[in-house]
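**Student:** predicted coordinates and the sequence they were generated for:
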Amino acid sequence: MTMKPAQSQGFTLVEMMIVAIIVAILAAVGVAMMRGHTTRAMATEAYGAMGTIRTALRVNYAETNDYGKLPDGTVIAADCTNLPGVRPRYPPTPGDLDGRYWDQDCYTLSFPTSSRYLITATGKADGPTAGVTITLDETGTFTKDGF
């Protein structure tokens, strides 16, 4: 009479624990990477709005040869409310700069000289973009902080 060797069925507890540890490590890495990409994705909203402001400033500069002044000599407001080509909010209608993560209150303009400007976008204080700051200058250089 021949004895058949016992066949193992299933996995041992050690094998299952090793698989669980590997899955946990991969999940931790994936969640950390996803959080960084999520903030960057939210920032694209600000990039689009800053492009709108930049285009309006370039058109104004072509007319006046001064980024900070309108054709009638009026100084452009730091909050973009009087910038031609950028529709401000008229409640209940949102403006060109109003979005889900960034709104018109998040953008400020400054003019170091007549041929230079700096657009600054600061994330909403009560949202997921809080602490994120993006700046854009007349050369098209973006500077990002907070992500």
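**Tutor:** Sure, I can see it.

**Student:** alpha carbons of stretch 137-147, as CSV, please.
**Tutor:** Extracted in CSV, the C-alpha atoms of stretch 137-147 (Å, rounded to 0.1, in the frame of the first residue of the first chain):
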residue,chain,number,x,y,z
ASP,A,137,5.2,87.7,-13.5
GLU,A,138,5.3,89.5,-16.8
THR,A,139,7.9,87.1,-18.1
GLY,A,140,5.4,84.2,-17.7
THR,A,141,7.3,82.6,-14.8
PHE,A,142,5.1,80.8,-12.2
THR,A,143,6.3,80.5,-8.6
LYS,A,144,4.5,78.0,-6.5
ASP,A,145,4.5,77.6,-2.7
GLY,A,146,2.6,75.4,-0.4
PHE,A,147,2.4,72.2,-2.4
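
**Student:** so for that stretch, mean pLDDT?
**Tutor:** Model confidence over stretch 137-147, given as mean pLDDT, is 92.

**Student:** use 204 as the first number from now on
**Tutor:** Right, with 204 as the first residue, what we last looked at is stretch 340-350.

**Student:** give me the buried positions along it.
**Tutor:** 341, 350 (16 or more other CB atoms under 10 Å). All C-beta spots, glycine's among them, are computed from the backbone N, C-alpha and C.

**Student:** any idea how far that stretch is from the chain center?
**Tutor:** Offset of stretch 340-350 from its chain centre (CA atoms, centre = their mean, to the nearest Å): 11 Å.

**Student:** also stretch 216-228?
**Tutor:** With CA atoms, centre = their mean as the basis, stretch 216-228 stands 37 Å off its chain's centre.
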